[in-house]
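**Student:** Provided below are the primary sequence and the corresponding predicted coordinates.
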Amino acid sequence: MMSDNAAGKRLWIGRWGYAESFVLAASALAGGFLAEWVCGPPPLDRLAWPLNLFAALALAVLCLACRPLRKLGAVRYLSSAPLAVALMIALGLLSLVAGTIPQAPVPYVPPLQKDPATRLGLDHLTSSWPLAVVYAATLLSLGAAVAVRLSVKRPVFLANHLGLWLLLVAAGLGAADREREIMTVAEGGLEWRARRADGGAVEMPLAIRLDSFDIEEYPAKLALVDHESGLPMEEAGRVALFQLDPMEPKGRLLDYDVELLEFIPGAMAAGSDVFVRAISGAAVQAARLRATNRLTGKNFEGWLSTGENLRPPRPLNLEGSLLLAMTRPEPRRFVSKVKVFTREGREIESSIEVNKPLKAGDWLVYQRDYDTEAGRSSAWSGFELVKDPWLLMANCGMGLWAVGALGLVARGKRRGSK
């Protein structure tokens, strides 16, 4: 029999391959967009526990039922690589669109009053018919492939495909059970109420006391500012900046040679023209600089500081209306020291920072934000509380997939060494 790539092969004749699979994937997308246009978004939020568990079990049983029927042409095609590849590409395209167009929850609006992008689901693809249809077809195809090829003699294939199947099931069917709440806690205060995405308030099964909040900052940058206009000077269409760095204290900023004489990352004013290291409390960055105009040879030396909260920044006056000023430093790390009280009576003392959450029972507490205007003097800290009952399945799937990927690499090295 001729292959799919052979010249003159007609669609739907003989064994179906990539051409038919891409047509079917495109048809699934078209059908999903048509259903979205006519019926509106599906009620996926109702597919919560235990309905999503029943759906996952039914899907698993349906996939396992393909094993005794694996010799049927329909089952062979359902579990084939061409169909799986076409569906995964369709999922990738939907993900690309979702990453390009801002996504938002969809309030109820009569279909005829929606703009075309909303009626097609382009601005809420994660809860749309196109994604639901392609996602269900992908799970069925991938699960059938695992069931048909279920054998201890194919550990790498099973780890890859079963891991991906578990990951997709947890990410999709578990979405309705995922909870995300926002909590704002004042320094020294205790809070147990959180805010939902819709703005409503909810009492949490845990309380957070914020003991302290601290920020580690990158050294500030220097800019030349025209005092009369208040605008920074530019070079080649960009704002001219000089990065303060104690390891490289000398540099140039437009017509000025700049030398960093002293830098204090956490400083406080000790008089009108002197800064010292702050022992405690809110602090600013301060630097003693020497600026030399390469054209006139004039030297200017003094202290500069960043501003924070009610304290204005301190610039260094240069010639004419020019000022040398420190920009607002960028945060490198911000940490909240907290004590968490759970409903079960546990007390957990820990530090929370970005990408380093605190686990308290079924909840993960992430550092979210703070008062950026106040900076180090922020009187509150914002946390995001996440509960995902399907996280264990997702982690198992990710682990299996990683093991399968390592197996593929090892198998490729063995073949290359022969």
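**Tutor:** Received the coordinates, thanks. All values derive from a computational prediction rather than experimental measurement.
**Student:** going by C-alpha atoms from here, please, whenever you check contacts or count neighbours.
**Tutor:** Noted.
**Student:** show me the domain layout of the chain.
**Tutor:** What automatic domain parsing lists as the domains of the chain is 18-150, 179-216+332-387, 219-329.
**Student:** for residue 11, find the nearest of these.
**Tutor:** Ranking the domains of the chain by their distance to residue 11 (criterion: CA to CA) puts domain 18-150 first, at 6.4 Å.
**Student:** and for residue 237, the neighbour number?
**Tutor:** Number of residues near residue 237 (other CA atoms under 10 Å) recorded here: 7.
**Student:** then residue 401?
**Tutor:** By other CA under 10 Å, the residues close to residue 401 number 24.
**Student:** need the domains of the chain in CSV (columns: distance to residue 404 and mean pLDDT).
**Tutor:** Shown next, in CSV, are the domains of the chain (distance: least, CA to CA, whole Å; pLDDT from 0 to 100):
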stretch, distance to residue 404, mean pLDDT
domain 18-150, 13, 91
domain 179-216+332-387, 27, 93
domain 219-329, 44, 89
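**Student:** using TSV, lay out those domains together with distance to residue 167.
**Tutor:** As requested, the domains of the chain are exported to TSV (distance: least, CA to CA, whole Å):
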stretch	distance to residue 167
domain 18-150	10
domain 179-216+332-387	17
domain 219-329	40
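**Student:** closest one to residue 405 among those?
**Tutor:** Closest approach to residue 405 among those (CA to CA): domain 18-150, 16.0 Å.
**Student:** now that closest one: how far from the chain's centre is it?
**Tutor:** The chain centroid and the centroid of domain 18-150 are separated by 23 Å under CA atoms, centre = their mean, to the nearest Å.
**Student:** and stretch 136-152, by the same measure?
**Tutor:** On CA atoms, centre = their mean, the centre of stretch 136-152 falls 30 Å from that of its chain.
**Student:** okay, buried residues for the strand or helix carrying residue 38 please.
**Tutor:** Taking DSSP states H and E as the criterion, residue 38 maps to helix 18-39. Neighbour counts over helix 18-39 (16 or more other CA atoms under 10 Å) mark 18-22, 25-26, 28-29, 31-37 as buried.
**Student:** so which of these comes closest to residue 124?
**Tutor:** Lowest distance from residue 124 to the buried residues of helix 18-39 (CA to CA) belongs to residue 36, with 10.6 Å.
**Student:** the closest one and residue 379, how far apart?
**Tutor:** Per CA to CA, to the nearest Å, residue 36 is found 46 Å from residue 379.
**Student:** got it, and residue 157?
**Tutor:** On the measure of CA to CA, residue 157 and residue 379 end up 53 Å apart.
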